[in-house]
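*Asks:* sequence-free structure coming up:
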């Protein structure tokens, strides 16, 4: 099955590697709004056009977005930008797939939405539910019964205990820890290396050990 990545930056480099290792997909190219990249190659794959040009480019190649042989994934790290692009593509009817590295560990009882990226070494344990368009980055661990909403980024090496809830567009920083049972509000940021020992309100940024709002 043919797949295209939206975004041609650092995060997309990891997505390219995942797609190459998944075997069931053939990466055909990327799209990016940086005009200096359009028309050139990115890791050996063509950058075919801007994000707004996706529909026309695919149709020009006789690939209908409604068919089962052409898929997209958004390879953009920034939560806000990634969410806007994802919602726009979803509303246009494009099929958005999960990119799951074969060296990640996902329990059979995990529920995974659409358009998610799960990197190498990530571990997602039983009865965790993950929404759409999230990033579970390299070596992150999510224990049992987590609830991860749409457009979240769990950074490399972050650790979430059991029964943690992370609301939409929240960012859990590199190497941070969220103790079991706590809630991270929508759009909140947990700083790198922080240890969360209480709920984090919507839109807040917390840092330190224990994590405190700044």
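*Replies:* That came through, no problem. Since the model is a prediction, treat every value here as computed from it, not as a measurement.
*Asks:* and the residue positioned nearest the centre of the chain, how far from residue 92?
*Replies:* The residue lying closest to the centre of the chain (C-alpha atoms, centre = their mean) is residue 135, at 2.8 Å. From residue 135 over to residue 92 the distance is 22 Å, taken as C-beta to C-beta, to the nearest Å. The C-beta positions use only the backbone N, C-alpha and C, and glycine is treated the same way.
*Asks:* the nearest residue to residue 38 once chain neighbours are set aside - how many residues pack around it?
*Replies:* In this structure, residue 38 finds its nearest non-sequential neighbour in residue 47, 5.2 Å apart by C-beta to C-beta, 6 or more residues apart in numbering. As a burial measure, residue 47 scores 20 neighbours (other C-beta atoms under 10 Å).
*Asks:* same deal with residue 41?
*Replies:* Neighbour number of residue 41 under other C-beta under 10 Å is 12.
*Asks:* before we move on, what about residue 126?
*Replies:* 13.
*Asks:* swap in residue 163?
*Replies:* Quick note: residue 163 (other C-beta under 10 Å) scores 16 neighbours.
*Asks:* that one and residue 203, how far apart?
*Replies:* Distance from residue 163 to residue 203, by C-beta to C-beta: 23 Å.
*Asks:* and if you look at residue 49?
*Replies:* Relative to residue 203, residue 49 is positioned 35 Å away (criterion: C-beta to C-beta).
*Asks:* helices and strands around the helix or strand of the chain with the lowest mean pLDDT, which ones?
*Replies:* Least confident helix or strand of the chain, by mean pLDDT, DSSP states H and E, is helix 54-60 with a mean of 84. Using 3 or more C-beta pairs under 8 Å, 6 or more residues apart in numbering; DSSP states H and E, the elements in contact with helix 54-60 are strand 2-6, strand 45-49.
*Asks:* residues in contact with whichever helix or strand comes after that helix?
*Replies:* Downstream of helix 54-60, the next assigned helix or strand under DSSP states H and E is strand 70-74. Outside strand 70-74, the residues within contact range by C-beta atoms under 8 Å, 6 or more residues apart in numbering are 1-7, 15, 19, 25, 54, 58, 63-64, 82, 85-86, 89, 94-99, 115, 117, 133.
*Asks:* strand 70-74 to strand 2-6, inter-axis angle?
*Replies:* Per axes from the mean of the first three to the mean of the last three C-alpha atoms, to 10 degrees, the angle that strand 70-74 makes with strand 2-6 is 30 degrees.
*Asks:* for strand 70-74, what is the average pLDDT?
*Replies:* For strand 70-74, the mean pLDDT works out to 91.
*Asks:* and it, how far out from the chain's middle?
*Replies:* When distances are taken as C-alpha atoms, centre = their mean, to the nearest Å, strand 70-74 is centred 12 Å away from the chain's centroid.
*Asks:* please check the contacts of strand 70-74 and keep the buried ones.
*Replies:* For the contacts of strand 70-74, burial is judged from neighbour counts taken by 16 or more other C-beta atoms under 10 Å, and it is met by 2-7, 15, 19, 25, 54, 58, 82, 85-86, 89, 94-99, 115, 117, 133.
*Asks:* great, nothing more from me.
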